[in-house]
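> kindly generate the corresponding structure for this input.
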Amino acid sequence: MELVKKSRVWLLGIILVSYFVVGFPDGAFTVSWLGIADEIRGMTTAHTGYILVGYSVTYTLAGVILSRLNRFMKLQTLYLWGLVIMGVGFVGLALSPNFALVLATITVYGFGTGLMASSMNSYMAKHFTARHNNWMHCFWGAGASLSPIIMGQMMAVLSWRAGYFAITGILLIIAVMLLLSMYKKVWIDDSHEAAVQEDADTVTHSHTQKRVLTKKWHQAVEILTFFFLGGTDYTLVFFTGAALIARGHQTDYTVAIFSAVYYVAMTVGRMFFGWVAKWIKEVPIVRIGVVISIAGVAVLYFTSNVAGIALTGFGLAPMLPTLVSDTSNRFSPRVLSKIVGYELAAFGAGIAVLFFITSQILHFISYEALFPLALGFIVLVFVCNEILVVALRNSR
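Residues are numbered from 1 along each chain as shown. Below is the predicted model of the structure:
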């Protein structure tokens, strides 16, 4: 038993360290874009819309096809392939001479990122708890925070192209670590875990039977929860600065602090909720997160204070990892990989679709519409989740 526990500790460490690089694409591009736009002729800020859509489409596609790919490869193998594809995309981007190739290579690493995120979230939902999943996403936040620093330093010394080569070097080290862990058979085998679970079910079947959601509309509501969550997260952090500048309360420089504070608060929040998840179950954590994030948006709306974005980031922090973890409590293990894949796909789709809708509303109406829209998205996440809480409670 001690050997098994020790093996799980090593495995968790490998997962946490490797998931660090999943945050690289988001963080690095926010800085590298400045160099790309200066160097590649004809590129403007308007091109970021095409890039975001291209990235989101392939990120979403990876989640949609995860369950099909899982029939032929283990989740940890898909995770490694996602890392390789991300690296290929980074190298391609570093060598791209024009916008067409920039867009093409970003869609490549978008697929790799989506494959890594969906496969590992599915793996964590099967074999670990909400506590561990929050920690894993905390490492994503660390990667998203560190990658702009790496890119910025490389751009100061050499160029954005050198920055992507440096980041690819880090990916290579992580790939070697994953290969060694697979060679040493550190990863939990799904078939073995299923057999253990089946034995446990056989022993306890006469006493209790786990309730699961089985209807298609249950799956649809679960997926819709992540759609609204994706739109809430990215839309808020992207447009808050513009909304505050429009009010005249902030400058370009001070608004940059808001984005940094958001990601720091999200990282701290995932550390905190990962710790308290030992005592508090998934549903209360989501409810607490909703209340805190709503309070944060209200502070932003009424005061334009940085404390608002900090509260919002802290409140939203546990939502994605906790909801993914709770999927294993709601659905049968047979459909878990498929549903988690769709969840991450919906998260990516929500970023693209709700970001676009919000941008149009803010453009044609007012930047002040951002805050009621954000509140609406958060409430929809809450409502969808509560529908499933009631459905599971009433299931037979």
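> can you tell me, leaving aside adjacent residues, what's nearest to Y234?
I351 (4.5 Å; CB to CB, 6 or more residues apart in numbering). Using the backbone N, CA and C atoms, a C-beta is placed for each residue, glycine as well.
> residue contacts, that neighbour?
L52, S56, G230, G231, D233, Y234, T235 (CB atoms under 8 Å, 6 or more residues apart in numbering).
> which SSE is it in?
Here I351 sits within helix 336-364, counting by DSSP states H and E.
> one more: K185?
Counting by DSSP H and E, K185 is found in no helix or strand.
> now distance to A345 and pLDDT too, for the contacts of I351, in CSV please.
Listed next are those as CSV, based on distance: CB to CB, whole Å; pLDDT from 0 to 100:
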residue, distance to A345, pLDDT
L52, 16, 76
S56, 10, 79
G230, 10, 85
G231, 14, 81
D233, 15, 77
Y234, 15, 74
T235, 18, 79
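> and of those, the nearest to A277?
D233 (19.7 Å; CB to CB).
> I figured that closest one hits G313, correct?
No: with contact defined as CB atoms under 8 Å, D233 does not count as touching G313 (9.2 Å).
> out of those two, name the residue with the larger neighbour count.
Legend: neighbour count by other CB atoms under 10 Å for D233 and G313, higher for G313 (28 against 25).
> backbone phi and psi for the more buried one, please?
Phi and psi for G313, reported as degrees, to the nearest 10, are phi -60, psi -40.
> please report the distance of the closest residue to it other than its chain neighbours from K278.
Nearest residue to G313 in three dimensions, chain neighbours excluded: A265, at 3.4 Å (CB to CB, 6+ apart). Distance, A265 to K278, using CB to CB, to the nearest Å: 21 Å.
> which one's more surrounded, the two?
More crowded of A265 and K278, by other CB under 10 Å: A265, with 23 against 9.
> okay, buried residues for the strand or helix carrying the more buried one please.
A265 is part of helix 252-276 when elements are defined by DSSP H and E. For helix 252-276, the neighbour count (16 or more other CB atoms under 10 Å) marks 255, 258-259, 261-271, 273-274 as buried.
> let me know the closest of these to S159.
Nearest to S159 among these, with distances taken as CB to CB, is S259, at 23.6 Å.
> and for L311, the neighbour number?
The burial count for L311: 22, using other CB under 10 Å.
> now A317: how far from S293?
9 Å.
> and the pLDDT for the closest residue to Y342 other than its chain neighbours?
Nearest residue to Y342, sequence neighbours excluded (CB to CB, 6+ apart): I223, at 4.9 Å. Here the pLDDT value assigned to I223 is 88.
> again with P372
90.
> just want the angle from the helix or strand harbouring it to helix 336-364.
Taking DSSP H and E as the definition, one finds P372 inside helix 370-394. Interaxial angle, helix 370-394 versus helix 336-364 (axes from the mean of the first three to the mean of the last three CA atoms, to 10 degrees): 150 degrees.
> what's in contact with the helix holding A265?
By CB under 8 Å, 6+ apart, helix 252-276 touches 130-135, 137-138, 141-142, 144-145, 236-237, 240-241, 244-245, 250, 285, 289, 306, 309-318, 321-322.
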